[in-house]
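>>> Compute the structure for the input listed below.
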Amino acid sequence: MAADLFGEDAPARPDVPGAAPLAERLRPRLLADVVGQEHLTGPDGAIGRMVAAGQLSSIILWGPPGTGKTTIARLLAEAVGMRFAMLSAVFSGVADLRQAFADAEKMAAAGRRTLLFIDEIHRFNRAQQDGFLPYVERGTVVLVGATTENPSFALNAALLSRAQVLVLNRLDEAALRTLVARAEAEVGKPLPVTDEARTALVASADGDGRFLLNQVETLFSVAIDQPLDASELAAFLHRRMPVYDKDRDGHYNLISALHKALRGSDAQAALYWLARMLVAGEEPLYALRRLTRFASEDIGLADPQALVQCLAAKDAYQFLGSPEGELAIVQACLYLATAPKSNAAYMAQKAAWAAARDTGSLAPPANILNAPTKLMKDLGYGAGYAYDHDAPDGFSGDNYWPDGMPPAEYYRPVDRGFEKRIAERLAWWDERRREQRGG
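Numbering: from 1, shown residues only. A predicted model of the protein is given here:
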């Protein structure tokens, strides 16, 4: 689905001065002009249904920068005839919130409801977020919050229970090209770039319509005699860094993508996501820690060398530094992606930990207890212990489970890689135990 910010035929705003930034001059005048977020604004979308009914409920608009959150909030208020008030959590404090609520109460007394738009709402602390609740519950304001962060982590549960979360899509290539065409129509001349450079310009926006229009405005602001090619455009404009907050949602999304690609044995995709993280500035040792975790969680004993490869990559990176040491990280990533997979060790850990919590007070059987004193020997500690190295094949088949607890099975090796051989050993030992215990 396209993720356009402006419709194909949306006119420029006549009420915006010509000296205003290009992005502001191209803001839609009607909610119907916002296209590409049709899953929200269309007749079957949440916003479309609210407008049709003339009844708004509080919502949280979650999406990347430059996808139209502020525009949608403003046009939503206009569509249902509500007063629009806006605060930014970056610049506002408790006094600003109190004033906004007081103004809304006055307008409500006069018969007009207020749509209160809070930009970057996740930047308000939890106490400030709780302060919205009574005004939302009484209907003093309809709250529309905008955030680039995952609301599940950034917003109070109480606030989320009173607001519907709506997800905006990042702008795709078609949408961004539409913005360039609208800018050219607004300015009245074509962008001074070649077709190749236009493609590079669109790609550099990384889905952010506002950023793209600012770059376009920069190109229109200077005299350029001949259309710029891609290399000349790169020299003229600053390159946009990938959107990646190392301690926020983008951080966890990319590491999740890397983990899933590794688990799916897609070496090419895994390498891409690793590159996305490192190019964007992720700490290489963090990536190595996640690869090392993967080696135990998703490969385990199917290939015991996977863990060794990760630890060796860590040592190599610390020895060589960046960028030379990053090749060792790539090697570990590719080894993990191409190794046989097994989560048997991971599942065994979960099952054993659960059993330990349930049966934590059971003592080991007396035959495997150490007996360093005469008293302990008299109490039966170590009595009847079978020393495995003295038994045929080095296997005694003795009991190692607590009295009153039957043997359990936590580790179930898969029929892949080295674990296939481990499974054969376990089956042989199990058969010997059954024979010794009479079946």
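
>>> same question for stretch 29-48, mean pLDDT?
For stretch 29-48, mean pLDDT is 82.

>>> Now do the buried residues in it.
31, 33-41, 46-48 (16 or more other CB atoms under 10 Å). (Glycine included, C-beta is placed from N, CA and C.)

>>> what residue ranges in this structure are flagged as low confidence?
1-18, 35-36, 238-250, 439 (pLDDT under 70).

>>> Mind jotting down where the helices sit in the stretch 151-300 of the chain?
151-154, 157-160, 173-187, 195-204, 209-220, 230-236, 249-263, 267-279, 284-294 (DSSP state H, counting those that start in this stretch).

>>> most packed of those?
Stretch with highest mean neighbour count among those: helix 209-220 (a mean of 21; mean count of other CB atoms under 10 Å).

>>> need the buried residues of stretch 29-48 in TSV with distance to Val330, can you?
Listed next are the buried residues of stretch 29-48 as TSV, based on distance: CB to CB, whole Å:
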residue	distance to Val330
Leu31	47
Asp33	46
Val34	42
Val35	41
Gly36	37
Gln37	38
Glu38	41
His39	38
Leu40	40
Thr41	43
Ala46	43
Ile47	44
Gly48	47
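
>>> returning to that earlier point: how about a markdown table for the helices of the stretch 151-300 of the chain, with distance to Glu137 added?
Below are those laid out as a markdown table (distance: least, CB to CB, whole Å):
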| stretch | distance to Glu137 |
| --- | --- |
| helix 151-154 | 19 |
| helix 157-160 | 10 |
| helix 173-187 | 37 |
| helix 195-204 | 44 |
| helix 209-220 | 34 |
| helix 230-236 | 52 |
| helix 249-263 | 28 |
| helix 267-279 | 42 |
| helix 284-294 | 42 |
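
>>> that older thread, take the buried residues of stretch 29-48 and keep only those in helices.
Counted as lying in helices by DSSP state H, out of the buried residues of stretch 29-48, are 38-41, 46-48.

>>> Looking at the residues you listed, spot the one nearest Ala20.
Nearest to Ala20 among these: Thr41, at 24.1 Å, using CB to CB.

>>> can you tell me how far the closest one sits from Pro28?
10 Å (CB to CB, to the nearest Å).

>>> How about Leu320: what's its closest non-neighbour residue?
Nearest non-adjacent residue to Leu320, counting by CB to CB, 6 or more residues apart in numbering: Ala328, 7.2 Å away.

>>> Enumerate every residue touching the one you found.
With contact taken as CB atoms under 8 Å, 6 or more residues apart in numbering, Ala328 is in contact with 312-313, 316-317, 320.

>>> Weed out the non-buried ones from the residues you listed.
Of the contacts of Ala328, these count as buried by 16+ other CB under 10 Å: 313, 316-317.

>>> And those residues, which is closest to Ser231?
Distances from Ser231 to the buried ones among the contacts of Ala328, taken by CB to CB, are shortest for Tyr317, at 32.7 Å.

>>> was I right about that closest one contacting Gly325?
Yes: here Tyr317 reaches Gly325: they are 3.6 Å apart, a contact under CB atoms under 8 Å.

>>> For those two, list the residues in contact with both.
Pro284.

>>> do you know how far the most centrally placed residue in the chain is from Arg289?
Taking CA atoms, centre = their mean, the centroid of the chain lies closest to Asn253, which sits 2.6 Å from it. According to CB to CB, Asn253 and Arg289 sit 17 Å apart.

>>> so who does Ala312 touch?
328, 332 are the contacts of Ala312 under CB under 8 Å, 6+ apart.

>>> Following element in sequence after the helix or strand harbouring it, please.
Using DSSP states H and E, Ala312 sits within helix 305-320. Counting by DSSP H and E, the next helix or strand C-terminal to helix 305-320 is helix 326-338.

>>> That following helix vs helix 249-263, what angle?
50 degrees (axes from the mean of the first three to the mean of the last three CA atoms, to 10 degrees).

>>> what's the angle between helix 326-338 and helix 284-294?
Here the directions of helix 326-338 and helix 284-294 differ by 20 degrees (the same axes, to 10 degrees).

>>> got the contact list for the helix or strand that comes right after helix 326-338?
Using DSSP H and E, the helix or strand that follows helix 326-338 in sequence is helix 344-358. With CB under 8 Å, 6+ apart as the test, helix 344-358 has contacts from 296-298, 300-302, 408, 410-414, 419.

>>> rewinding a little: pick out whichever of the ones in helices among the buried residues of stretch 29-48 sits closest to Ala235.
Using CB to CB, these come closest to Ala235 at Glu38, 38.0 Å.

>>> out of everything not next to it in sequence, what's closest to that closest one?
Gly45 (6.5 Å).

>>> and stretch 280-297, how far from the chain's centre?
16 Å (CA atoms, centre = their mean, to the nearest Å).

>>> outside of that stretch, which residues touch it?
With contact meaning CB under 8 Å, 6+ apart, stretch 280-297 is reached by 241-242, 244, 246, 251, 254-255, 258-259, 262-263, 274, 277-278, 306-307, 309-311, 313-314, 317-318, 322, 325-326, 329, 332-333, 336, 343, 345-346.

>>> ok, back up a step: which residues do Thr41 and Pro28 both contact?
With CB under 8 Å, 6+ apart as the test, Thr41 and Pro28 both reach Val34.

>>> Mind picking the two most distant members of the contacts of Ala328?
Ala312 and Leu320 (12.1 Å).

>>> sec struct for Ile118, please.
strand (DSSP: H, G, I helix; E, B strand; the rest coil).

>>> who are the neighbours in contact with it?
86-89, 124, 143-146.

>>> before we move on, which element is the residue nearest to Arg210 when sequence neighbours are not counted in?
Sequence neighbours aside, Gly66 is the residue nearest to Arg210 in space, at 3.8 Å (criterion: CB to CB, 6+ apart). For Gly66, there is no host helix or strand (DSSP H and E).

>>> helix/strand/coil for the closest residue to Ile121 other than its chain neighbours?
Distance criterion CB to CB, 6+ apart; nearest residue to Ile121, sequence neighbours excluded, is Gly145 at 3.4 Å. What three-state DSSP gives for Gly145 is strand.
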